[in-house]
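Asks: Model the following, please.
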Amino acid sequence: MAQQSVVNRYYLHNAIRNLVIKDMGTGYIRFENGFQLCWGKVTFSSSGTTGGEGSKYESYAKAFNVKPRIVATPLDYAGSYFTVGVGAVGTSEFVMSYKNNHSYGADNIEMVYLAVGTWK
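Replies: Numbering: from 1, shown residues only. Prediction:
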């Protein structure tokens with residue numbers, strides 16, 4: 001197991017060391033080797049009641065050439081009250097959804113995401 005960890009760190013180190021930024025802007029970075037990161041914030045209006053839920057389409061800052069992997073989470077203290085979901089993942093957009101698991105009186109719920117994939 002220790003040998004595998006050393007090998008994985010070696011490959012990760014070389015992969016990161018060889019990243020050359022090709023293009024970057026608001027909400028994205030594209031690397032010369034085809035790797036791409038996109039991120040953003042999605043705001044929902046909350047009903048403030050337990051069981052309230054919502055969803056909406058969100059477009060990436062730049063399209064991917066294949067479906068990316070996405071992680072998403074609520075911002076700030078809202079994290080303990082909400083379940084976040086990501087679905088209908090495509091190369092240019094995805095659906096982000098939430099469900100209120102507790103009575104929460106906020107007017108807006110902010111969720112953030114990071115999409116990781118390739119652009120070429």
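
Asks: which ones are touching V42?
Replies: With contact taken as C-beta atoms under 8 Å, 6 or more residues apart in numbering, V42 is in contact with 56, 58, 96, 110-113. Placement of C-beta: from N, CA and C, glycine included.

Asks: what about 6 Å?
Replies: 58, 96, 111 (C-beta atoms under 6 Å, 6 or more residues apart in numbering).

Asks: Now I29: closest residue in space, sequence neighbours ignored.
Replies: Leaving aside its sequence neighbours, I29 sits nearest to L37 (C-beta to C-beta, 6 or more residues apart in numbering; 4.9 Å).

Asks: Kindly report the same for M111.
Replies: Nearest residue to M111 in three dimensions, chain neighbours excluded: V42, at 4.8 Å (C-beta to C-beta, 6+ apart).

Asks: Quick one: low-confidence residue ranges for the chain.
Replies: In the predicted model, the chain carries pLDDT under 70 at residues 1-18, 46-52, 76-82, 101-107.
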